[in-house]
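Engineer: Structure for this input, please:
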Amino acid sequence: MNSTDQDLRLKFLASLFFRQLAYIPEISVQITARTYQGTFAREQLSDFDVLGFRFQGDLRFSRIAAECRSGERKALEEMLKLQGVVSAFRLDRGYFIKSKIHRNAREVAAGLPITTLDEAEIRTLLTTGFGLDLPAAVKHEERRFAAMEQLATVVQREFSRLHAYLRYEFWNLEAYRNIHNLFKLCAASRSGLRDTDHDHRFLFCLIVYYLAIAIIELAGGILANSYNEAARGFAVGLFGGGRERREREVLFDQVNKLLPNPEGTALRFEPNFFDPLQEITVRLIRSANAAASVPKFLTSVIDTAFSKVTTIDPASYDTVTRKLAQDICILVLRETGV
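Structural biologist: Residues are numbered from 1 along each chain as shown. Okay, here's the model as predicted:
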């Protein structure tokens, strides 16, 4: 595969390594922030060469990242950059993967939540430690990456706002914000999505996948704090907390007083998807162990349907996992109108 990214071969190795650790890898994830300097704009701060995430059986959200660099120089400088990213974004661990790593960088990393692996080491680990047929596995990663990049190009051209959000915003925002924003973008795109178009079906699957991640992350926070009152926890968590929910209620009450509507048509501060999403979220919490596998199930579906790479047969997943994924899909279908 032709690419100008000199570090791509190392990113594929890191992606394979994360899969063996039961994480879902995402290659080249942008780290951005919104700033106001004359205008309100997005600023790119850095990136994760490879971001890995997974949900534990109690829906706890776990994230790791890899910094992948070819060459032999600046190892300590690049590793310290990774340390800053791990600390700033509260990652569980960082992995520094480089063609060759100087001893000084390894000594510093020994006291940090960072694992150092040079290219020879990670190749040996994948083949001897995990028993992979490395050439075949790397080809799968290349095929998957190339297919996703090709499809993303079409999505970017036809649905630029959605594409920009998934690429630059999603991994930088809280789960509840992602839920609201993605449903709004779905509603705005519903007239353009066609279920007969291969690329549009791909975009729809991406929306379901990313919404599932955000919903399960939200469910994990509710499970940790209000398991026995999951419905109430959802009503608070969907708006970012009790104070934020109350402020939204007051705002909508004031608007309804200023702009009175006929009886029964007053503005409702809960979004249209509130009730069905609450019901799904409560079931995710009650079936937490099965719910934790929903993102992996969805990635296996996307791989099979769009990149023609089957790592895990979608039919092998637990029935409850597949049913929960289906219900999230149906909810998105209602919002997009596909």
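
Engineer: Show me the helices in the stretch 51-200 of the chain, by range?
Structural biologist: Counting by DSSP state H, counting those that start in this stretch, one finds helices in the stretch 51-200 of the chain at the ranges 75-88, 103-109, 119-124, 134-158, 160-164, 175-189, 198-226.

Engineer: can I get these in a markdown table with mean neighbour count and distance to Leu284?
Structural biologist: Any C-beta I mention is one placed from the backbone N, CA and C, and that applies to glycine too. Output for the helices of the stretch 51-200 of the chain, formatted as a markdown table (neighbours: other Cβ atoms under 10 Å; distance: least, Cβ to Cβ, whole Å):
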| stretch | mean neighbour count | distance to Leu284 |
| --- | --- | --- |
| helix 75-88 | 17 | 28 |
| helix 103-109 | 15 | 37 |
| helix 119-124 | 16 | 35 |
| helix 134-158 | 16 | 26 |
| helix 160-164 | 15 | 24 |
| helix 175-189 | 19 | 12 |
| helix 198-226 | 21 | 4 |
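
Engineer: Strands along this protein, start to end?
Structural biologist: 24-36, 40-55, 61-69, 93-98, 114-118 (DSSP state E).

Engineer: Buried residues in the second one, which are they?
Structural biologist: Meaning strand 40-55. Of the residues in strand 40-55, 47-55 count as buried by neighbour count, 16 or more other Cβ atoms under 10 Å.

Engineer: show me the contacts for Asp313.
Structural biologist: Ser300 (Cβ atoms under 8 Å, 6 or more residues apart in numbering).

Engineer: What's the separation between it and Pro113?
Structural biologist: To Pro113, Asp313 is 35 Å away according to Cβ to Cβ, to the nearest Å.

Engineer: Then Ile122?
Structural biologist: 18 Å.

Engineer: do Phe145 as well
Structural biologist: To Pro113, Phe145 is 27 Å away according to Cβ to Cβ.

Engineer: got it, and Trp171?
Structural biologist: Distance from Trp171 to Pro113, by Cβ to Cβ: 19 Å.

Engineer: If you count surrounding residues, which of these two has more?
Structural biologist: Trp171 (21 against 13; other Cβ atoms under 10 Å).

Engineer: Which residue comes closest to the more buried one once chain neighbours are left out?
Structural biologist: Once flanking residues are discounted, Trp171 sits nearest to Val29: 5.2 Å by Cβ to Cβ, 6 or more residues apart in numbering.

Engineer: mind checking how far Ala41 is from Tyr165?
Structural biologist: Taken as Cβ to Cβ, the span from Ala41 to Tyr165 is 15 Å.

Engineer: Please apply the same query to Tyr317.
Structural biologist: Applying Cβ to Cβ to Tyr317 and Tyr165 gives a distance of 28 Å.

Engineer: Please apply the same query to Leu173.
Structural biologist: 9 Å.

Engineer: for Ala187, same thing?
Structural biologist: Between Ala187 and Tyr165 the computed distance is 13 Å (Cβ to Cβ).

Engineer: Likewise for Arg143?
Structural biologist: 26 Å.

Engineer: Equivalent analysis for Ile24, please.
Structural biologist: From Ile24 to Tyr165 the distance is 19 Å (Cβ to Cβ).

Engineer: likewise Lys296?
Structural biologist: Distance from Lys296 to Tyr165, by Cβ to Cβ: 23 Å.

Engineer: okay, the two: which has more neighbours?
Structural biologist: The neighbour comparison of Lys296 against Tyr165 (other Cβ under 10 Å) goes to Lys296, with 21 against 18.

Engineer: Tell me how many other residues crowd the nearest residue to Lys98 once chain neighbours are set aside.
Structural biologist: Excluding the flanking residues, the one nearest Lys98 by Cβ to Cβ, 6+ apart is Arg69, at 4.7 Å. Residues lying near Arg69 (other Cβ under 10 Å) number 22.

Engineer: pLDDT wise, what is His198 at?
Structural biologist: For His198, the model assigns a pLDDT of 88.

Engineer: Which residues lie in contact with it in this structure?
Structural biologist: Neighbours of His198 in contact, by Cβ under 8 Å, 6+ apart: none.

Engineer: contacting residues around the nearest residue to Thr304 once chain neighbours are set aside?
Structural biologist: Spatial nearest neighbour of Thr304, chain neighbours left out: Thr310 (5.0 Å); criterion: Cβ to Cβ, 6+ apart. Residues near Thr310 by Cβ under 8 Å, 6+ apart: 300, 303-304.

Engineer: What is the nearest of those to Val138?
Structural biologist: For these, the residue nearest Val138 by Cβ to Cβ is Asp303; the value is 15.4 Å.

Engineer: ok, now how distant is Gln278 from Tyr168?
Structural biologist: 29 Å.

Engineer: Those two: which has the busier surroundings?
Structural biologist: Gln278 (18 against 15).

Engineer: List the residues that contact the more buried one.
Structural biologist: 231, 234-235, 238.

Engineer: For Leu284, see how far away it is.
Structural biologist: Following Cβ to Cβ, the distance that separates Gln278 from Leu284 is 11 Å.

Engineer: cool, Glu174 as well?
Structural biologist: Applying Cβ to Cβ to Glu174 and Leu284 gives a distance of 17 Å.

Engineer: neighbour count winner among these two?
Structural biologist: A direct count of neighbours by other Cβ under 10 Å for Glu174 and Leu284 places Leu284 higher, at 28 against 13.
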